[in-house]
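**Student:** starting from these lines, generate the structure:
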Amino acid sequence: MSNALSYVITISHQIGSGGAYLGQRIAFRLCVQYVDHEIIRQAAQDLKIPEEHLAFRDEKVTSRWQSLIQANPISFDWYPPQFYILKDQELYNAESDIISRIANERTTVIVGRGGYYVLRHHPRCLNVFLHANINFRQKRVQEIYHISSEQSLNMIRFMERDKANYLRKLTGQNWLDACQYHICLDTSAIGLDKAEDIILETLEARFTDVEIVNPS
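**Tutor:** Purely as a prediction, here's the structure:
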């Protein structure tokens, strides 16, 4: 059972639209925990596999050759037996269990990993979706990772393709469907600071017992 006074904010976001940044900012102003890569760490512990392996697989559908090996392990006797290929459903179930457990234990801000879908029936949850135009996102990714303009564009395309395929396969939903969220914001149109304020104002309107720390 979830704490009657706790609440959860999930932030789904297009790559480069400011999801991690705003998640951390909002968690700071609410004095609550920010959860992102902790999900990978806990899932790795639960599944007893290296954390680096999960980080590589995060929100990606198993490749064709990996699926073939899973379906026909005997025919690939050259494959190192100690290397365990995690099935998509196993990863999704592990991360979903962790997200649900965290949401039932404490107030938190959860970024990515289908949190909006996992917690769709949570009684005190605000699901946020952030999007932005490609120029805004490309510039932010380029600055954050110190890569070229072309590299940032390719990174956005590949990561979002993988995320879309993964979430469609495991949830049956299109993660870009605005109807799945309580609020959708274009951070390239209103800016990150305004988006932060709007999310917190929406949270206050949805849950009247929320306390927000004003930035100094």
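**Student:** and the gap between the residue minimising distance to the centre of the chain and Ala103?
**Tutor:** Among the residues of the chain, the one closest to the centroid is Gly112, at 0.8 Å (Cα atoms, centre = their mean). Note on Gly112: its distance to Ala103, by Cβ to Cβ, to the nearest Å, is 14 Å. Placement of C-beta: from N, CA and C, glycine included.
**Student:** got it, and Leu130?
**Tutor:** Remark: distance between Leu130 and Ala103 (Cβ to Cβ) = 20 Å.
**Student:** so who does Arg212 touch?
**Tutor:** Actually, residue 212 is Ile. It isn't Arg. Contact analysis of Ile212 by Cβ atoms under 8 Å, 6 or more residues apart in numbering lists Arg29, Leu30, Leu200, Leu203, Glu204.
**Student:** got the buried residues for the helix or strand harbouring Met155?
**Tutor:** Here Met155 is covered by helix 149-171, with elements defined by DSSP states H and E. Of the residues in helix 149-171, Ser152, Leu153, Met155, Ile156, Met159, Glu160, Lys163, Tyr166, Leu167, Leu170, Thr171 count as buried by neighbour count, 16 or more other Cβ atoms under 10 Å.
**Student:** got the CA coordinates for the helix or strand hosting Ile199 in CSV?
**Tutor:** Applying DSSP H and E as the criterion places Ile199 in helix 192-206. Provided in CSV are the C-alpha atoms of helix 192-206 (Å, rounded to 0.1, in the frame of the first residue of the first chain):
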residue,chain,number,x,y,z
LEU,A,192,13.1,24.9,-19.0
ASP,A,193,12.5,27.4,-16.2
LYS,A,194,8.9,28.0,-17.2
ALA,A,195,8.3,24.3,-17.6
GLU,A,196,9.6,23.7,-14.1
ASP,A,197,7.1,26.2,-12.7
ILE,A,198,4.2,24.8,-14.7
ILE,A,199,4.9,21.3,-13.5
LEU,A,200,5.0,22.4,-9.9
GLU,A,201,1.8,24.5,-10.3
THR,A,202,0.0,21.5,-11.8
LEU,A,203,1.2,19.4,-8.9
GLU,A,204,-0.1,21.9,-6.4
ALA,A,205,-3.5,21.9,-8.2
ARG,A,206,-3.6,18.1,-8.2
